[in-house]
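S.K.: sequence and predicted structure are below.
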There are 2 protein chains.
Amino acid sequence: MDKTAENGPWADESGDTSGRKKGQLHAEAAGKLRSMILSGELPPGERLREMQLCEQLGVSRTPVREALRTLAAEGLVDLLPNRSVVVSELHAPDLEHLFVVFGAIEGIAAELACQKITEAEIGEIGRLLAEMIDFHARKERAPYMQINQKIHQRTVEIAANPVLYTVWQSLVPRVERARALANLDTGRWTGALFEHTKMFTALASRDGKLLAQLTREHFLNSLPFLQSRLENDG
Amino acid sequence: MDKTAENGPWADESGDTSGRKKGQLHAEAAGKLRSMILSGELPPGERLREMQLCEQLGVSRTPVREALRTLAAEGLVDLLPNRSVVVSELHAPDLEHLFVVFGAIEGIAAELACQKITEAEIGEIGRLLAEMIDFHARKERAPYMQINQKIHQRTVEIAANPVLYTVWQSLVPRVERARALANLDTGRWTGALFEHTKMFTALASRDGKLLAQLTREHFLNSLPFLQSRLENDG
DNA sequence: AACACCAGTCTTGTATACAAGAATAGACAA
DNA sequence: TTGTCTATTCTTGTATACAAGACTGGTGTT
């Protein structure tokens, strides 16, 4: 089971349709649609007509339909039988549900990671954290977010549980979308960074219980900020 | 987001292809294939030829392919690009990964359920537990397992978190398959029942932390039994 | 006997065609 | 004006056709 990230989201695709081998158009389509949803190009509630997507993506309906099944499994779209597919909504209450679960998942990952992490990996995370602090000082949000994402991903990878990784992957798109829709509040930004330093300390001392606790709180703390932004936008 | 169980596994299908409205052949196909895998009719490692499945299910390749994407998202099959789809293997180490995550998920569910459960629902779970004790006394394994499954499901439902429910649903097929492949050891059976009574006490007194702990242990305890059975079988 | 190579067959990936169920707009009645 | 009914159009669901990449078996060479 779990040939980890075989065809999962975030596997490789980043619009680099050029270098791809022939075939697997449906995976390519899924990647493009996913980033269109995450970027907001396809807003929540948007009705997706298959033929329209075919024209935009330059493929036929077959791979498009298969891609839509994949996105449905990721929770990015809702399949309405015999009706259109729509980009799933993202309401504030849903967000709470999502963050409670996601925080718990990353909490488990954190606990496992503490048991398995090597000195070299602690150093690696430490360097990433240093970079992140740097970007924060320069107020460069985009690269900050990228490093942030990488730290979380590395933690889950270090936990070395393919099932956990798959579940985590399946939730990341929605979390990322929430972050994209509601760009991080500046006040929260500094707080989040501080939490990250505390989390690193726990990780470096391999205190799994503490790190899990901090991780859950980390997500719970950012929740109200995202929720308020979502409510303002509609 | 999350039109909960819209097209997810375990939604409704149980071979009752008769009463179903037209269309949605792919959902029907997914249901049949899922139960074929869970029942062991399609054993781990089995190579699935699309045409062959078409004949068995009496539909064309299009719905079959879409069903296979769904099953891939559930982790029941692996998609090998340009090669066949195979029923995913279930090795002892994978099982540990699965149970750690699943136990944690049900642990979260248990904690949430304790916050939200009503007196009526406590009564309902209590009655289910009594039935289960009955079936254990009579050594009727199949109905016991059914009630067991139902208790777990009701707990997750009571937690009232659609994201959690979806994640839980996505893991259940694999857990069920593990149970099916390695029928429960008799010694473990009594132990599991005892754990269930303890868990009910915690639930009835709404002790979320305790119940979460007991739930995680419940899965961890049954793990070695399942693993040993799997190793014997190959 | 072992290995490499090649042709034929099989299987998947994609496109297209057709059928059936929804959405929509317009006409007609209240 | 508003509501409803119907006919047309649109969209999805499914089947089939075609192309391209894998597998298999046999043949020839070393």
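M.R.: Received, thanks.

S.K.: need the helices for chain A, in chain order.
M.R.: A:25-38, A:50-57, A:61-73, A:92-116, A:119-137, A:141-159, A:162-181, A:186-204, A:208-233 (DSSP state H).

S.K.: redo these as TSV? Include distance to DNA strand D, mean neighbour count and mean pLDDT.
M.R.: No exception for glycine: its C-beta is placed from N, CA and C like everyone else's. Converted to TSV, the helices of chain A look like this (distance: least, C-beta to the nearest atom of the strand, whole Å; neighbours: other C-beta atoms under 10 Å in any protein chain shown; pLDDT from 0 to 100):
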stretch	distance to DNA strand D	mean neighbour count	mean pLDDT
helix A:25-38	12	21	88
helix A:50-57	4	14	91
helix A:61-73	6	21	88
helix A:92-116	23	22	93
helix A:119-137	35	15	96
helix A:141-159	28	18	93
helix A:162-181	21	20	84
helix A:186-204	38	16	91
helix A:208-233	26	18	87
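
S.K.: reformat these as TSV; add distance to chain B.
M.R.: Below are those laid out as TSV (distance: least, C-beta to the nearest C-beta, whole Å):
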stretch	distance to chain B
helix A:25-38	8
helix A:50-57	13
helix A:61-73	4
helix A:92-116	4
helix A:119-137	19
helix A:141-159	10
helix A:162-181	4
helix A:186-204	18
helix A:208-233	10
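
S.K.: residues from chain A in reach of DNA strand C?
M.R.: For chain A, the residues found near DNA strand C under the criterion C-beta under 7 Å from any atom of the strand are A:23-26, A:59-63, A:82-83.

S.K.: so which of the helices of chain A is nearest residue B:130?
M.R.: Checking these against residue B:130 by C-beta to C-beta gives helix A:92-116 as the closest, at 31.0 Å.

S.K.: for the residue sitting furthest away from the middle of chain A, give me phi and psi.
M.R.: Relative to the centre of chain A, the most outlying C-alpha is that of residue A:82, 29.9 Å out, by C-alpha atoms, centre = their mean. Residue A:82 has phi and psi values of phi 60, psi 10 when expressed as degrees, to the nearest 10.

S.K.: need the pLDDT of it.
M.R.: Reported pLDDT at residue A:82 in the predicted model: 85.

S.K.: how about the residue of chain A at minimum distance from DNA strand C: what's its closest non-neighbour residue?
M.R.: In chain A, the residue that lies nearest DNA strand C is residue A:25 (2.7 Å; C-beta to the nearest atom of the strand). In this structure, residue A:25 finds its nearest non-sequential neighbour in residue A:63, 4.2 Å apart by C-beta to C-beta, 6 or more residues apart in numbering or on different chains.

S.K.: show me what contacts that neighbour?
M.R.: Taking C-beta atoms under 8 Å, 6 or more residues apart in numbering or on different chains, we find residue A:63 in contact with A:25-26, A:28-29.

S.K.: check residue A:73 too.
M.R.: By C-beta under 8 Å, 6+ apart, the neighbours of residue A:73 are A:170, B:69-70, B:73-74, B:170.

S.K.: so can I have a markdown table of these showing distance to residue A:225?
M.R.: Converted to a markdown table, these look like this (distance: C-beta to C-beta, whole Å):
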| residue | distance to residue A:225 |
| --- | --- |
| A:170 | 24 |
| B:69 | 36 |
| B:70 | 35 |
| B:73 | 31 |
| B:74 | 34 |
| B:170 | 29 |
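
S.K.: surely residue A:219 touches residue A:103?
M.R.: Yes. Judged on C-beta atoms under 8 Å, residue A:219 makes contact with residue A:103 at a distance of 3.4 Å.

S.K.: hey, what's in contact with both of the two?
M.R.: With C-beta under 8 Å, 6+ apart, residue A:219 and residue A:103 have no common neighbours.

S.K.: need phi/psi at residue A:83.
M.R.: Torsion angles, degrees, to the nearest 10, at residue A:83: phi -130, psi -170.

S.K.: go on, residue A:117?
M.R.: According to degrees, to the nearest 10, residue A:117 has phi -70, psi 140.

S.K.: for it, the count of nearby residues, please.
M.R.: 21 (other C-beta atoms under 10 Å in any protein chain shown).

S.K.: quick one: the closest residue to it other than its chain neighbours from residue B:72, how far?
M.R.: Spatially, and ignoring its direct neighbours in sequence, residue A:117 is nearest to residue A:158 (5.2 Å; C-beta to C-beta, 6+ apart). Between residue A:158 and residue B:72 the distance is 26 Å, computed by C-beta to C-beta, to the nearest Å.

S.K.: also residue A:70?
M.R.: 8 Å.

S.K.: what's the answer for residue A:29, then?
M.R.: From residue A:29 to residue B:72 the distance is 16 Å (C-beta to C-beta).

S.K.: hang on, residue A:160 packs against residue A:117?
M.R.: No. With contact defined as C-beta under 8 Å, residue A:160 does not count as touching residue A:117 (9.6 Å).

S.K.: care to break chain A down by domain?
M.R.: As given by automatic domain parsing, the domain ranges for chain A are A:25-87, A:92-233.

S.K.: can I get the ones you listed in JSON lines including distance to residue B:49?
M.R.: Formatted as JSON lines, the domains of chain A follow (distance: least, C-beta to C-beta, whole Å):
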{"stretch": "domain A:25-87", "distance to residue B:49": "18"}
{"stretch": "domain A:92-233", "distance to residue B:49": "26"}
